[in-house]
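Engineer: have a look; sequence and predicted model below, questions after that.
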2 protein chains.
Amino acid sequence: MDPRVSQHAKLIVTYATGVKKGDQVLIMASDYGLDLASEIYKEAAKLGGSPLIVMTPSEVTRAYYEVTPEEFLDIYPKHLYELTKVSDVVVSIRSDINTKTLGNVNPKKLTRRDKTVRPIQDERLSKRWCLTQAPTPGFAQDADMSLKEYEDFVYSAILIDWASQRTQMEKLKKALDQADKVRLIGEKTDLTMSVKGRNAIVGDATHNVPGGEVYTAPVDDSAEGEICFDLPGIRYGREIKGIRLKFSKGEVVDYSAETNQDALKSIIETDQGSKRIGELGIGTNRGIKRFTKNILFDEKIGDTIHLALGNAYKDCGGINKSAIHWDIIKTMKPGQILLDGKVLQKDGKFSWE
Amino acid sequence: MDPRVSQHAKLIVTYATGVKKGDQVLIMASDYGLDLASEIYKEAAKLGGSPLIVMTPSEVTRAYYEVTPEEFLDIYPKHLYELTKVSDVVVSIRSDINTKTLGNVNPKKLTRRDKTVRPIQDERLSKRWCLTQAPTPGFAQDADMSLKEYEDFVYSAILIDWASQRTQMEKLKKALDQADKVRLIGEKTDLTMSVKGRNAIVGDATHNVPGGEVYTAPVDDSAEGEICFDLPGIRYGREIKGIRLKFSKGEVVDYSAETNQDALKSIIETDQGSKRIGELGIGTNRGIKRFTKNILFDEKIGDTIHLALGNAYKDCGGINKSAIHWDIIKTMKPGQILLDGKVLQKDGKFSWE
């Protein structure tokens, strides 16, 4: 086995979730996640944790939607709820062999089931939870790489010095928390918003592995100006390229896209909250050098920013509500991030670098 | 996938465990059990069950004993207990790729851990539980077959008409329940015991898949005579061949074996109860034609009997207590089973056949 799988597992049981004696550790995996799950099992056992692996092959999930009579989609998996409730640590490993496995399932069925299992999701988020990913052929294919190349990509993002990353990210958080106006300047871009009174969060390798973003919730009516995104937004597997958004009083007042503009339209017009910026994030993981159509990695690419249209995080002090939270990423090399008129980052260098 | 895997799964969710709407269905598997577990998942979902697969690769179990500090072996897996408690149906799939994986683990560690998790085992046995097996290279190797050949062997034992089997087995139960003296006659064998007042149990495809035995608990001080076993007894992977036991007043008073007689000695001398017969079983599954060093199959071979030295089943009205329950199997073709002097079975034919 690739020794990096063990290193990945060690990072999860130590830095990410801090497994200690007596912890009940639930590990959820699918097709390609069993090696990582097994290593997490062993590392957790060493530290006195009680590990348990729940395995759901992606074709089983798909078949579930095929064979289950529609009214049974409301049947509550009480055992998974109880299992989650009694767990201290929950590690979810994204590891489907093929990212399109659920692509032909009726979305209404997925939504109905999601609603049924929502209390389990909420319970999980009240634990020391961690979402991570194993390299799989499907993710590699989405990233235009071979599996071997993709393994290198994944571990370059994950196996880095997180303590030193955290120090950098804390500096960034402090700067954002003390600022009022954030101004983003770049090609066809000059957008200003306020983050006054909001709380920036350091997303290092804890809830997401890889981590690598500091994010906050802009003041709802503050965004003014225009932004063009060089990286595509992804919606239901479709790429929306060349997105341009124009804001006034916090709301999108004009927009365009070079491809799939209809998809962009339907996102923006979802509800009242989907016209506002729910999140401003700054990607800090310089181990991630490529866009791979995978938000767990893309939003953390070093020297990028991302905006999410829609729902804001309460932890950030955000109040915007929406049925969506849709991230779009922009490279800031070249580009500038100014805080109250002073340079925070210019062409991929922070002011303290 | 082999279509017999789906048929096996259907048998388990219908005949064996009767999954119905709302049932919480826990499926436990290791290395080679995932296909069967996945099919059980789908079949259970069709019927309105909530399935969940817990996966523990055998090398992970082995590694657990290697890496876990000894005092941590007492740590209780509360989550597995709660998961079992809230489940209605528990299916355990024996599916280790290699039957010797735990062979070099210190037996004291295994015993210590077994003791810790005993309440989970007890909880499981209070559910609609089922123990079954998937064909694996290790089981095939123990059976001196290729995996392909072994698959045929396994499904010949499992995919049979269980309703008709049950009818036959009920007849056998009735005959045993009405009898006082059971006499076994065969080569170098003439052994009599009483089953008066005891309760014979029909082991069809419910708790064990395959099923195929009717078993009871002989009256403790009743066994008189001698028996020679043509099939070897297995203890910790060692074959004890040519076992001969002589009983008086229910207890072994003389014994010999052609190989590993020391192992037989230590079994018989375990405690007071290990000198007595805890179980008399009659194998009825004629789909099983070969001895494969695997008790789940061997004790059900059609037209065999087995005796277990040691602990008796309470359900049978048995009272003998012992730390062991060790089965030895004897072919009854040629041979006779007499009930109160009348032929029940002769040379592999029941009296009603």
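Structural biologist: Looks like it came in fine.
Engineer: and the residue of the stretch 251-353 of chain A that's closest to chain B?
Structural biologist: residue A:296 (23.3 Å; CB to the nearest CB). For every residue, glycine as well, the C-beta is placed using N, CA and C.
Engineer: any idea which element that residue lies in?
Structural biologist: helix A:295-298 (DSSP states H and E).
Engineer: one more: residue A:227?
Structural biologist: strand A:224-228.
Engineer: hey, where'd the helices end up in chain A?
Structural biologist: Using DSSP state H, the helices of chain A run over A:3-11, A:34-46, A:58-67, A:78-86, A:107-116, A:118-125, A:137-142, A:147-158, A:162-178, A:261-268, A:295-298.
Engineer: measure the residue nearest to residue A:67 when sequence neighbours are not counted to residue A:191 for me?
Structural biologist: Using CB to CB, 6 or more residues apart in numbering or on different chains and skipping residues adjacent in sequence, the residue nearest residue A:67 is residue B:46, 4.8 Å away. Note on residue B:46: its distance to residue A:191, by CB to CB, to the nearest Å, is 52 Å.
Engineer: more crowded one of those two?
Structural biologist: residue A:191 (23 against 18; other CB atoms under 10 Å in any protein chain shown).
Engineer: if I read this right, residue A:185 contacts residue A:338, doesn't it?
Structural biologist: Yes: using CB atoms under 8 Å, residue A:185 is in contact with residue A:338, at 6.9 Å.
Engineer: what's near enough to touch residue A:311?
Structural biologist: Residue A:311 makes contact with A:273, A:278, A:320, A:321, A:322, A:323, A:324, A:325 under the criterion CB atoms under 8 Å, 6 or more residues apart in numbering or on different chains.
Engineer: per-residue pLDDT, it?
Structural biologist: pLDDT for residue A:311: 94.
Engineer: please report phi then psi for it.
Structural biologist: phi -60, psi 140 (degrees, to the nearest 10).
Engineer: run a quick neighbour tally on the residue lying closest to residue A:62 once chain neighbours are set aside.
Structural biologist: Distances taken as CB to CB, 6+ apart put residue A:101 closest to residue A:62, at 5.3 Å, once the chain neighbours are dropped. Burial of residue A:101 is recorded as 18 neighbouring residues (other CB under 10 Å).
Engineer: one more: residue A:237?
Structural biologist: Neighbours around residue A:237, by other CB under 10 Å: 10.
Engineer: now it. Nearest residue, chain neighbours left out?
Structural biologist: Per CB to CB, 6+ apart, closest to residue A:237 is residue A:103, 6.7 Å.
Engineer: how many neighbours does that neighbour have?
Structural biologist: 10.
Engineer: I figured it was touching residue A:110, is that so?
Structural biologist: No: applying CB under 8 Å, one finds residue A:103 not in contact with residue A:110, separated by 10.7 Å.
Engineer: show me which residues of the stretch 51-200 of chain A sit near chain B.
Structural biologist: A:52-57, A:59-60, A:63-64, A:67-69, A:72, A:75-80, A:82-83, A:85-87 (CB under 8 Å from any CB of the partner chain).
Engineer: could you list the low-confidence segments of the stretch 51-200 of chain A?
Structural biologist: Scanning the stretch 51-200 of chain A for pLDDT under 70 picks out no residues.
Engineer: and stretch A:90-105, what's buried?
Structural biologist: Buried residues in stretch A:90-105, defined by neighbour count with 16 or more other CB atoms under 10 Å in any protein chain shown: A:90, A:91, A:92, A:93, A:94, A:95, A:96, A:97, A:98, A:99, A:101.
Engineer: meant to ask about stretch A:319-329, not that
Structural biologist: A:320, A:322, A:324, A:325, A:326, A:327, A:328, A:329.
Engineer: how far off centre is that stretch?
Structural biologist: Centroid separation for stretch A:319-329 versus its chain: 12 Å, with CA atoms, centre = their mean, to the nearest Å.
Engineer: which residues does that stretch contact?
Structural biologist: Under CB under 8 Å, 6+ apart, the answer for stretch A:319-329 is A:217, A:220, A:229, A:231, A:233, A:235, A:243, A:267, A:270-274, A:276-279, A:281, A:283, A:291, A:295, A:298-299, A:301, A:304-312.
Engineer: just the buried residues of these.
Structural biologist: Here, 16+ other CB under 10 Å leaves A:217, A:220, A:229, A:231, A:233, A:235, A:243, A:267, A:273-274, A:276-279, A:281, A:283, A:291, A:298-299, A:301, A:304-312 buried among the contacts of stretch A:319-329.
Engineer: take these and keep only those in strands.
Structural biologist: A:233, A:235, A:277-279, A:281, A:283, A:304-310 (DSSP state E).
Engineer: now these in JSON lines, with distance to residue B:261?
Structural biologist: Below are these laid out as JSON lines (distance: CB to CB, whole Å):
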{"residue": "A:233", "distance to residue B:261": "77"}
{"residue": "A:235", "distance to residue B:261": "74"}
{"residue": "A:277", "distance to residue B:261": "82"}
{"residue": "A:278", "distance to residue B:261": "77"}
{"residue": "A:279", "distance to residue B:261": "75"}
{"residue": "A:281", "distance to residue B:261": "74"}
{"residue": "A:283", "distance to residue B:261": "72"}
{"residue": "A:304", "distance to residue B:261": "75"}
{"residue": "A:305", "distance to residue B:261": "79"}
{"residue": "A:306", "distance to residue B:261": "75"}
{"residue": "A:307", "distance to residue B:261": "80"}
{"residue": "A:308", "distance to residue B:261": "75"}
{"residue": "A:309", "distance to residue B:261": "80"}
{"residue": "A:310", "distance to residue B:261": "77"}
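Engineer: where is pLDDT lowest across the residues you listed?
Structural biologist: Minimum pLDDT across those falls on residue A:235, with 86.
Engineer: out of the helices of chain A, deepest packed?
Structural biologist: Stretch with highest mean neighbour count among these: helix A:34-46 (a mean of 24; mean count of other CB atoms under 10 Å in any protein chain shown).
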